[in-house]
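Have a look; sequence and predicted model below, questions after that.
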Amino acid sequence: LIPTTSMAESKHDPNTATLSSHVLDTSMGTPGRKLPMTLYALEKSEYKKLGSYVTNGDGRVKGFPTLGAGIYKIVFDTDSYYGAMNKECFYPQCSVVFRTKLGEHYHVPLLISPFGYTTYRGS
């Protein structure tokens with residue numbers, strides 16, 4: 001039998017979007033462990049808090065809620081993360097705003113250092 005959809009397509013509910021995140025500290029070459037973050041949804045020109053999370057030992061967050069189509073924001077609390085190591089950082093928060101559509105998975109990785117950050121759409 002030849003499947004008509006790919007494995008990636010078949011595991012996603014077409015009525016929702018799913019989300020994961022991963023933080024890597026490029027200044028130390030390690031996962032961004034115990035980094036607090038907050039997820040927001042844009043509703044009627046205002047961001048509504050959906051939940052707060054903390055990265056695990058691998059720098060990952062799982063357990064985000066399923067999402068609808070829309071605009072979302074994750075605010076990564078880098079000040080708390082670096083403060084716990086007695087390090088100063090230039091960016092106390094990193095806000096990543098992204099758009100979702102139904103039936104897809106979104107992975108939002110963040111690469112951080114005390115003086116810079118970058119992100120991209122992962123898989």
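Received it, and whenever you're ready, just let me know what you need.

which intervals of this protein have sub-threshold pLDDT?
1-11 (pLDDT under 70).

rerun at 80
Scanning the chain for pLDDT under 80 picks out 1-12.

Where do the helices of it begin and end?
7-10, 78-83 (DSSP state H).

my read: Asp58 touches Thr30, true?
No. Look at Asp58 against Thr30 with CB atoms under 8 Å: they stay out of range, at 9.9 Å. For every residue, glycine as well, the C-beta is placed using N, CA and C.

Mind telling me which residue is nearest the centre of this protein?
Nearest to the geometric centre of the chain sits Ser21, at 3.5 Å (CA atoms, centre = their mean).

Quick check: bridge partners of the closest residue in space to Gly51 that isn't next to it in sequence?
Nearest non-adjacent residue to Gly51, counting by CB to CB, 6 or more residues apart in numbering: Leu39, 5.4 Å away. Note on Leu39: beta-bridge partners by DSSP bridges are Gly51, Ile74.

Contacts only, for Leu39.
19, 49-53, 64-65, 72-74 (CB atoms under 8 Å, 6 or more residues apart in numbering).

want to throw these into TSV with distance to His105 and neighbour count?
Converted to TSV, the contacts of Leu39 look like this (distance: CB to CB, whole Å; neighbours: other CB atoms under 10 Å):
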residue	distance to His105	neighbour count
Leu19	8	23
Lys49	22	11
Leu50	17	17
Gly51	18	12
Ser52	21	11
Tyr53	17	17
Phe64	11	19
Pro65	14	12
Tyr72	13	22
Lys73	18	16
Ile74	15	22
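
Could you export these as TSV, including distance to Tyr120?
Formatted as TSV, those follow (distance: CB to CB, whole Å):
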residue	distance to Tyr120
Leu19	15
Lys49	25
Leu50	22
Gly51	23
Ser52	23
Tyr53	20
Phe64	18
Pro65	23
Tyr72	16
Lys73	16
Ile74	13
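
Just give me the closest of those to Ser123.
Leu19 (12.6 Å; CB to CB).

if I look at the closest residue to that closest one other than its chain neighbours, how far off is Tyr81?
Counting by CB to CB, 6+ apart, Leu19 lies nearest to Phe64, which is 4.2 Å off, once chain neighbours are set aside. Using CB to CB, to the nearest Å, we find Phe64 at a distance of 19 Å from Tyr81.
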